[in-house]
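S.K.: heads up, no residue letters with this:
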């Protein structure tokens, strides 16, 4: 049996947006195992370098629609957005050790037109404790030996 509570807040001011969320999950386990309470959270901020503002309707932030879609013929470069996110999760409770981590992500997003977006993200692991993961040699993976950096490039088509 799982119960979950999430508290979320967000705001916009012109080309700037911020948001954050905290989530707690309560997990009731069978067979005499202790119940668990686990936490996760994030805080993020974004800036539309080219000045566009996201739409907002019915509790949802919309897609960043470029004022000048990319076009070699017409000289438009689409919309560019710089974003950052700090997040963490604590999956430890009593003797249950699911791990605890914190990371930081920086992103550059290119909204080519109303339907196509390219995203580049760099994420750096800042802290890792009590991880059930191990290194290739079998040593516990911790913040001391987990030099984890992730770079991703993604494309999104929206219609």
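M.R.: Sure, I can see it. Fair warning: this is a prediction, and the values are worked out from it, not measured in the lab. Residues are numbered from 1 along each chain as shown.

S.K.: so what's residue 155 bridging to?
M.R.: With DSSP bridges as the criterion, residue 155 is bridged to residue 118.

S.K.: who's in contact with it?
M.R.: 116-119 (C-beta atoms under 8 Å, 6 or more residues apart in numbering). Heads up, the C-betas are built off the backbone N, CA and C, glycines and all.

S.K.: contacting residues for residue 91?
M.R.: The contact partners of residue 91, taken as C-beta under 8 Å, 6+ apart, are 38, 98-100.

S.K.: and what of residue 107?
M.R.: 81-85, 119-122.

S.K.: How many residues are close by the residue lying closest to residue 129 once chain neighbours are set aside?
M.R.: Spatially, and ignoring its direct neighbours in sequence, residue 129 is nearest to residue 100 (4.5 Å; C-beta to C-beta, 6 or more residues apart in numbering). Residues within reach of residue 100, counting by other C-beta atoms under 10 Å, total 17.

S.K.: Please name the strands paired to the helix or strand hosting residue 100 in the sheet, noting orientation.
M.R.: Element membership of residue 100, judged by DSSP states H and E, is strand 96-111. As defined by DSSP bridges, the strand partners of strand 96-111 come to strand 79-93 (antiparallel), strand 116-129 (antiparallel).
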